[in-house]
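Enquirer: Take this sequence and fold it.
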Amino acid sequence: MRKFRRIGISVVVAVVLLMGLVVPVGATNPTVSITVTAQVVSITNSQASWAIGTVALDTVVYFSATGAQDDDYSLITNTGSVTVDVEIQGVNIEGGTYDWTLASAAGDQIYSLYANKQATPTVYDVEVKSSAYVDITAVGGLAADGTNTWSMKFTAPTAFHASDDGNEKTATVTLVASKHT
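Expert: Down below sits the predicted model:
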């Protein structure tokens, strides 16, 4: 009987020891929630063309609803996810026998093009160049989902070549966005 008593006591001690142990049942595992947004640089512009029409020597025309200096005609919208800077670049106007060169001031077969920055609707202080992109964004850049109204001022050459009279000429102005730094 002593033998059974020892075994019984051993079993009781083992059960008591097991009861003292904490056995996790249905424990949860910690998690980490990740949120991320891709860095997207993208803009749209409300006006895709500018039909100036026939111009006389040294004529000034504005990129506006009326052709006069009365409003900021176009709207740039930041459709990306980061603040951007918007730059503009022009080119020489082509067509007919003689092209018109883009420069800071109108001259013989030379035209000028100026743009304005956001918050300066009638101040055309940004020279549009063919050799480089020039910033037209207000200080601090254009925030994601933000908009920027802008316009341009075109000045026709002070002299045309007779062979170009009446020939249509075309050019493209390019807007480029980059992440604001």
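
Enquirer: got the end-to-end distance for stretch 154-172?
Expert: Taking CA to CA, to the nearest Å as the measure, stretch 154-172 stretches 13 Å from start to finish.

Enquirer: Show me what counts as buried in that stretch.
Expert: Neighbour-count burial for stretch 154-172, counted by 16 or more other CB atoms under 10 Å, picks out 154-157, 160, 164, 171. Where you see a C-beta, it was placed from the backbone N, CA and C, and this is true even at glycine.

Enquirer: Measure how buried the closest residue to residue 170 other than its chain neighbours is and give me the count.
Expert: Nearest residue to residue 170 in three dimensions, chain neighbours excluded: residue 95, at 5.8 Å (CB to CB, 6 or more residues apart in numbering). A count of neighbours around residue 95, defined by other CB atoms under 10 Å, yields 13.

Enquirer: which residues touch residue 95?
Expert: 167-170 (CB atoms under 8 Å, 6 or more residues apart in numbering).

Enquirer: now residue 123
Expert: Contacts of residue 123 by CB under 8 Å, 6+ apart are 116-117.

Enquirer: do you know how far the residue nearest to residue 170 is from residue 27?
Expert: Counting by CB to CB, to the nearest Å, the separation of residue 95 from residue 27 is 77 Å.

Enquirer: Closest one of the buried residues of stretch 154-172 to residue 80?
Expert: For the buried residues of stretch 154-172, the residue nearest residue 80 by CB to CB is residue 171; the value is 26.9 Å.

Enquirer: Now the closest one. Nearest residue, chain neighbours left out?
Expert: With CB to CB, 6+ apart, the residue lying closest to residue 171 is residue 93, at 4.2 Å.

Enquirer: right, and that neighbour touches residue 106 too?
Expert: No - with contacts counted by CB atoms under 8 Å, residue 93 stays clear of residue 106, the gap being 11.9 Å.

Enquirer: surely residue 50 meets residue 63?
Expert: Yes - Residue 50 is within contact range of residue 63, at 5.4 Å (criterion: CB under 8 Å).

Enquirer: who touches both of the two?
Expert: Common neighbours of residue 50 and residue 63 (CB under 8 Å, 6+ apart) are residue 152.

Enquirer: So what touches stretch 166-174?
Expert: Counting by CB under 8 Å, 6+ apart, 88-97, 99-100, 102, 113, 128, 133, 152 sit against stretch 166-174.

Enquirer: Quick check on those residues: which are buried?
Expert: Buried, going by 16+ other CB under 10 Å: 88-91, 93, 96, 100, 102, 113, 128, 133, 152, out of these.
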